[in-house]
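Enquirer: Need a 3D model of the following:
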Amino acid sequence: MYKTVAPGAVGHGLTFKDAAEGAAKAGFEGYWFGPEDDWNVPAGETKELLQKTYLKAAGFGLPVQFRQDAAAFEADLANLGKYAQYAVEIGALRCATWILPRSDTLTFNENYELHRSRLKKVCEIFNEYGITLGLEFVGPLTARQGAKYTFIHNLDQMLSLCADIGTGNCGLLLDIWHWDLAGQTFTDFEKFGNDQVALVHINDAPAGIPPDEQADTARRLPGETGVLRIAEFFGGLKKIGYDGPVLAEPFVPALAEMSYDNALKTVMDSFNRVWPE
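Expert: This next block holds a predicted model:
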């Protein structure tokens with residue numbers, strides 16, 4: 001496992017060009033890219049900066065709108081090969097996105113087929129380039145309350161979707177927030193292996209709030225409150241031999257009010273509080 005950063009996840013909307021040296025100085029080993037913003041420069045320049053800063057190209061967010069509009073999806077799909085080629089050139093062979101746990105227009109089965117068919121097309125393109133796609137389930141009850149239809153919100157459901165996509169390169173984005181609030185446990189790590197995890201997110205939850213009332217956007221820095229079962233989570237990752245990127249996604253507004261360098265230091269301090277030996 002290696003400590004990874006995405007500036008947007010710590011409150012700073014910087015491109016790789018402006019963020020890389022600070023990330024390396026703060027002790028991060030990997031960088032998670034936003035391709036629409038970061039890849040507007042030649043791949044050679046990005047590779048050169050990765051080499052200069054000794055950062056690993058940990059992966060990138062999925063540049064495809066697949067959730068609703070069919071025309072937008074097809075247009076993005078047509079451009080995906082371009083992004084995938086760039087990813088290969090810089091060594092970023094992991095991609096990830098999240099799955100909304102609700103819909104007001106599609107039943108569970110209708111939504112399942114939409115995701116299965118569209119993400120299968122994404123994964124088929126990625127297979128040509130050796131890229132793995134990780135999917136994140138959103139676990140808190142509050143994220144699906146009030147919706148007409150619920151959708152995937154736990155590990156078993158997500159593993160079923162990955163299996164039904166059936167391309168062999170579709171796996172998981174595991175976020176401790178969603179893992180914990182979906183009621184997953186250490187034994188759930190027996191259901192998948194290292195090669196099925198594209199990315200890991202860590203954070204913590206506010207104290208004094210029942211699990212069913214936790215709101216997805218109100219989080220804390222890793223290890224800040226001890227509410228989430230992070231030692232158990234890391235124990236499971238070690239059990240499967242996970243060797244990929246671990247990224248903090250705390251959604252803490254105070255980070256945006258700090259300088260970028262101070263935000264990185266604060267997040268790295270939180271990493272060090274919880275990082276397994």
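Enquirer: Let me know whether residue 212 touches residue 142 as I believe.
Expert: Yes. In this structure, residue 212 is within contact of residue 142 by C-beta atoms under 8 Å, at 7.4 Å. Bear in mind the C-beta positions are built from the backbone N, C-alpha and C, glycine included.
Enquirer: the more surrounded of those two?
Expert: residue 142 (16 against 10; other C-beta atoms under 10 Å).
Enquirer: Identify the residue nearest that one in space, chain neighbours excluded?
Expert: residue 215 (5.3 Å; C-beta to C-beta, 6 or more residues apart in numbering).
Enquirer: I'd say that neighbour and residue 140 touch.
Expert: Yes. Using C-beta under 8 Å, residue 215 is in contact with residue 140, at 7.1 Å.
Enquirer: Looking only at neighbour counts, state which of the two leads.
Expert: Using other C-beta under 10 Å, the more surrounded residue of residue 215 and residue 140 is residue 140, with 21 against 13.
Enquirer: what about the closest residue to residue 53 other than its chain neighbours, which helix or strand?
Expert: Nearest residue to residue 53 in three dimensions, chain neighbours excluded: residue 24, at 3.9 Å (C-beta to C-beta, 6+ apart). Residue 24 is located in helix 16-25, with elements delineated by DSSP states H and E.
Enquirer: Alpha carbons of that helix, as CSV, please.
Expert: Only the C-alpha atoms of helix 16-25 are listed here, as CSV (Å, rounded to 0.1, in the frame of the first residue of the first chain):
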residue,chain,number,x,y,z
PHE,A,16,-0.9,17.9,-11.4
LYS,A,17,1.5,20.5,-12.8
ASP,A,18,0.9,22.8,-9.8
ALA,A,19,0.3,20.1,-7.1
ALA,A,20,3.0,17.5,-7.8
GLU,A,21,6.0,19.1,-6.0
GLY,A,22,4.0,19.9,-2.9
ALA,A,23,2.6,16.3,-2.7
ALA,A,24,6.1,14.8,-3.0
LYS,A,25,7.5,17.2,-0.4
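Enquirer: And that helix, what's buried?
Expert: Neighbour-count burial for helix 16-25 flags 16, 19, 20, 22, 23, 24 (criterion: 16 or more other C-beta atoms under 10 Å).
Enquirer: Who's the closest spatial neighbour of residue 116, skipping the chain neighbours?
Expert: For residue 116, ignoring the flanking residues on the chain, the nearest one in space by C-beta to C-beta, 6+ apart is residue 164 at 5.2 Å.
Enquirer: Quick check: mean pLDDT of the helix or strand harbouring the one you found?
Expert: Using DSSP H and E, the element containing residue 164 is helix 155-165. Helix 155-165 comes out with an average pLDDT of 98.
Enquirer: What of stretch 4-14?
Expert: For stretch 4-14, the per-residue pLDDT averages 96.
Enquirer: For it, buried residues please.
Expert: 4, 5, 6, 7, 8, 9, 10, 11, 12, 14.
Enquirer: Tell me which two in those residues are the farthest apart.
Expert: Using C-beta to C-beta, the buried residues of stretch 4-14 span at most 16.0 Å, a distance reached by 4 and 11.
Enquirer: before we move on, the earlier item: the helix or strand that comes right after the helix holding residue 164 pairs with which strands, and in what direction?
Expert: Downstream of helix 155-165, the next assigned helix or strand under DSSP H and E is strand 170-175. With DSSP bridges as the test, strand 170-175 is paired with strand 132-136 (parallel), strand 197-202 (parallel).
Enquirer: Now do the first one against helix 155-165, angle only.
Expert: Read it as strand 132-136. Put simply, strand 132-136 runs at 150 degrees to helix 155-165, going by axes from the mean of the first three to the mean of the last three C-alpha atoms, to 10 degrees.
Enquirer: pLDDT weak spots in the stretch 51-200 of the chain?
Expert: Applying pLDDT under 70 to the stretch 51-200 of the chain flags no residue at all.
Enquirer: need the helices for it, in chain order.
Expert: 70-90, 108-127, 155-165, 176-181 (DSSP state H, counting those that start in this stretch).
Enquirer: Reformat those helices as TSV; add distance to residue 235.
Expert: Output for the helices of the stretch 51-200 of the chain, formatted as TSV (distance: least, C-beta to C-beta, whole Å):
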stretch	distance to residue 235
helix 70-90	31
helix 108-127	30
helix 155-165	16
helix 176-181	12
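Enquirer: Of those, flag the one that's most buried.
Expert: helix 176-181 (a mean of 25; mean count of other C-beta atoms under 10 Å).
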